[in-house]
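Asker: my questions are about this predicted structure, shown below with the sequence.
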Amino acid sequence: MNLDSLGDWVRTYYSSNVTPDMDGSEVTLFGWVQEVRDLGGIRFIILQDREGTLQVTIPKKRVAPEVLAKSDVLQKRFSIGVKGTVKKTNMTPRGIEVIPSEIRILNIAAEQLPIDITGKTPANIEVRLDARALDLCMEQNAAAFRVQHHALAAIRDFLFGKGFLEVHTPRIIASATEGGAELFAVDYFGQKAFLAQSPQLYKEQLTMSSEKVFEVGPFFRAELSHTRRHLSEFVSVDVEEAFASAEDVMRLLEQVIQYTCKAVSEKCSKELAALKYRATVPEIPFKRFTYDEVLADLKSEGVDIPWGEDISTEAFRVLGKERGYYYFITDWPTHSKAFYIKPKDGKPELCEGFDLMWRWIELVSGGTRISEKALLMERMKEKGLNPESFKYHLQAFDWGMPPHAGWAIGLERLTMVLTGKKNIREVALYPRDQMRLTP
RNA sequence: GCCCAGGUAGUAUAGUUCGGUCUAGUAUAUGCGGCUGUCGCCCGCAGGACCCGGGUCCGAAUCCCGGCCUGGGCGCCA
């Protein structure tokens, strides 16, 4: 088939911007054929673009022969341009249709597509991910990423407003951030290096100059976690603030979450409708439960966890049933948290680390950090880490490290909460996990 | 890493319990034909599949063994 070129055509409207009051006006549209319905004497072409769909109507006896000939060969996913006249009508859901005066076929597509893009026969997640570029052409599958976009824009907006500086720390590092086991090794000019699992140490160091920093970026964990809420490559929203405590950054966090939920509910009504999900804006402050309180609650629910042990996923699910909202868990046993979390003054078996939960999912973790070098080294040793391999980090603590605190949001997990998706792979464009490295 | 479950047309599934009208059904998609107001259009026709290898048996989609692949759960974590 001979393809047409774009020529001098310029899009005048997205499909969603064509409205009934434009009756009679000329438009130039670009997009893809989503569906062709041919009734014999009349043919309907559903044109899809980024913003939605619109009906191109071809009364076969009343359009130019060239237009009819072009429309004869159209198939699903053909990339086309349409010049035509807007017609107000009560026979389409949108109240408009476009009668074409010229159609340009810009590219063709395979007759048999690997997934059903009309959604009549939904494909399984692994089939969809194998054909992800096509999968994302379906509005309900792309919607989560538009929600994520607006959520991240809101987070940035809020943090900028609070004076945070956006920074970029290395992805290629020489030693482990929190321990060794779960890092991906890479060859760095013959030297052994790793993909960063977190910007933790760098963002802490940056508090001694920039004071309030945040970073948004991908991090890598080689954990053999085969669940619906783990990825090997995920996006973290990391915040660190000088002269602040856990309580300070918890207050910041709940404001960020509330602001983000508000932005999503205001800007993403179309996306949420496509997702069949309702956004809620949570009240703040979020409830705070100590680790001890959570253990007591669990005991009354019949789940017995010995003090000091981690709360199992099963136990979190029990908690999540009672608490269908955002809540903090504070005052964790010191040994259960990372070495850089500050033990409580006068009660060193507990620490100033916290988790923000949504139902049973851990969304955010954070805490007050240790700013005193000797204590930090001591905690490293308790965790079986060798301070020598952290010497470049530790030296910063000789140069005026301020007291500081921070947190990290799992962006995909937040997107799950905001979109109601039950599998994290739905909210990563090209998810990476234990089983998947392609596409 | 450990524990479950599962691989049937492009997609989604029925059939597997208890081997035999299964020449493998259905929906959707695809191709061809018909239809002037569809919007999950409709109607007719056609082509299209039992993951791979081995075994048991008169006979295997179905039972057994091995492999490969996938989904889910646990621990860990965001």
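Answerer: Ah, there it is. Residues are numbered from 1 along each chain as shown, chains lettered A, B, ... in the order given.
Asker: the stretch 251-400 of chain A against RNA strand B: which residues are in contact?
Answerer: Proximity of the stretch 251-400 of chain A to RNA strand B, by Cβ under 7 Å from any atom of the strand, involves residues A:310, A:312-314, A:316-317, A:336, A:338, A:355, A:362-365. In this view, the C-beta of every residue, glycine as well, is placed from N, C-alpha and C.
Asker: can I get the residues you listed in CSV including pLDDT and neighbour count?
Answerer: Compiled in CSV, those are given as follows (pLDDT from 0 to 100; neighbours: other Cβ atoms under 10 Å):
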residue, pLDDT, neighbour count
A:Asp310, 87, 12
A:Ser312, 88, 12
A:Thr313, 87, 13
A:Glu314, 86, 9
A:Phe316, 89, 21
A:Arg317, 88, 13
A:Ser336, 90, 15
A:Ala338, 91, 17
A:Asp355, 95, 20
A:Glu362, 92, 16
A:Leu363, 94, 21
A:Val364, 96, 26
A:Ser365, 95, 19
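Asker: narrow those to those in helices?
Answerer: A:313-314, A:316-317 (DSSP state H).
Asker: which residues are contacting the helix or strand hosting A:Lys391?
Answerer: For A:Lys391, the element it lies in under DSSP states H and E is helix A:391-394. For helix A:391-394, contacts defined as Cβ atoms under 8 Å, 6 or more residues apart in numbering pick out A:201, A:204-205, A:373, A:376-377, A:387.
Asker: which parts of the helix or strand encompassing A:Leu252 are buried?
Answerer: Remark: A:Leu252 resides in helix A:246-267, with elements defined by DSSP H and E. Residues A:246, A:249-250, A:252-254, A:256-261, A:263-265, A:267 are the ones in helix A:246-267 that count as buried (16 or more other Cβ atoms under 10 Å).
Asker: for A:Lys203, give me its contacts.
Answerer: A:167, A:169, A:213-215, A:238-240, A:406.
Asker: which one of the residues of the stretch 251-400 of chain A next to RNA strand B sits closest to A:Val127?
Answerer: A:Thr313 (27.5 Å; Cβ to Cβ).
Asker: can you confirm A:Leu414 is in a helix?
Answerer: Yes - counting by DSSP: H, G, I helix; E, B strand; the rest coil, A:Leu414 falls inside a helix.
Asker: who are the contact partners of the nearest residue to it once chain neighbours are set aside?
Answerer: With Cβ to Cβ, 6 or more residues apart in numbering as the criterion, A:Leu414 has its nearest non-adjacent residue at 6.0 Å, and that residue is A:Leu363. By Cβ under 8 Å, 6+ apart, the contact set of A:Leu363 is A:326, A:355-357, A:409-410, A:413-414, A:417.
Asker: so who does A:Lys299 touch?
Answerer: A:Lys299 touches A:Ile305, counting by Cβ under 8 Å, 6+ apart.
Asker: specify the local secondary structure of it.
Answerer: A:Lys299 is classified as helix under three-state DSSP.
Asker: from RNA strand B, how far off is it?
Answerer: 17 Å (Cβ to the nearest atom of the strand, to the nearest Å).
Asker: what of A:Val167?
Answerer: A:Val167 is 18 Å from RNA strand B, by Cβ to the nearest atom of the strand.
Asker: specify the beta-bridge partners of the closest residue to that residue other than its chain neighbours.
Answerer: Nearest-residue entry for A:Val167: A:Val213, 4.8 Å, with adjacent residues in sequence omitted and distances by Cβ to Cβ, 6+ apart. Beta-bridge partners recorded for A:Val213 (DSSP bridges): A:Leu165, A:Glu240.
Asker: quick one, what contacts A:Val213?
Answerer: A:164-167, A:203, A:206-207, A:239-241.
Asker: can I get these in JSON lines including pLDDT?
Answerer: Listed next are the contacts of A:Val213 as JSON lines, based on pLDDT from 0 to 100:
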{"residue": "A:Phe164", "pLDDT": "98"}
{"residue": "A:Leu165", "pLDDT": "98"}
{"residue": "A:Glu166", "pLDDT": "97"}
{"residue": "A:Val167", "pLDDT": "97"}
{"residue": "A:Lys203", "pLDDT": "96"}
{"residue": "A:Leu206", "pLDDT": "97"}
{"residue": "A:Thr207", "pLDDT": "97"}
{"residue": "A:Val239", "pLDDT": "98"}
{"residue": "A:Glu240", "pLDDT": "98"}
{"residue": "A:Glu241", "pLDDT": "98"}
